[in-house]
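**Student:** Attaching a predicted model along with its sequence, questions to come.
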Amino acid sequence: MKRNYEGLIVLNTAGKEDSVDTLVSNLGREIEAEGAKLEQIDRIGKRKFPYGSKGLSDGYYVTYHFVAEPAALDKLRNKLKLNAIVHQQHYQVARPAHLKKVKKAS
C-alpha cells in the first residue's frame, strides 16, 4: 500500500554552492528511480547548525513530498546513506491534505 511521505534531507554543499539546484534535482531523480512518485520539492535553504555536525557548520535543507511503498523508502534510505552529498535524512508519513485543516474554535 502506497503512502504519502515527507523527506527532510540536509545537503552538504560545502564548495558546491553554485550547483545546489542541480544537486536538488539529481536527488529528486534518485527518489523517482526507487519507484516513488515525487509530488513537490520545498527548498528551505541554507541553515547554520546549532553545533558542529561531522565537521560542518551549515547545510542546505530540502523537503521532498512523495508517494511510495514502504519497501521503496527503505531502499531509498540505504541508497542515500552512501551519497556523500546527503548529510542527514529524516522521513515521516505525511498526513493527507484534507486532514491537515485546522478546525476553528467555536
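**Tutor:** Sure, I can see it. Everything numeric here is computed off the predicted structure, so don't read it as measured data.

**Student:** so who does the closest residue to residue 54 other than its chain neighbours touch?
**Tutor:** Take residue 54 and drop its neighbours on the chain: the residue closest to it by CB to CB, 6 or more residues apart in numbering is residue 87, 7.0 Å away. For the C-beta atoms, the positions are set from N, CA and C on the backbone; glycine is no exception. Counting by CB atoms under 8 Å, 6 or more residues apart in numbering, residue 87 makes contact with 10-12, 53-54, 56, 59.

**Student:** and the gap between residue 87 and residue 71?
**Tutor:** 25 Å (CB to CB, to the nearest Å).

**Student:** Where does pLDDT dip in the protein?
**Tutor:** 96-106 (pLDDT under 70).

**Student:** And for the strand ranked longest in it, what's in contact with it?
**Tutor:** Criterion DSSP state E: the longest strand present in the chain is strand 37-53. The contact list for strand 37-53, computed with CB under 8 Å, 6+ apart, reads 4, 13, 24, 28, 31-32, 56-68, 87-88.

**Student:** Filter the residues you listed down to just the buried residues.
**Tutor:** Burial by neighbour count, 16 or more other CB atoms under 10 Å: within the contacts of strand 37-53 this picks out 4, 13, 24, 28, 31, 58-62, 64, 66, 68, 87-88.

**Student:** Out of those residues, which comes closest to residue 80?
**Tutor:** residue 31 (8.8 Å; CB to CB).

**Student:** Phi and psi next, for the closest one.
**Tutor:** Backbone geometry at residue 31, expressed as degrees, to the nearest 10, gives phi -60, psi -50.
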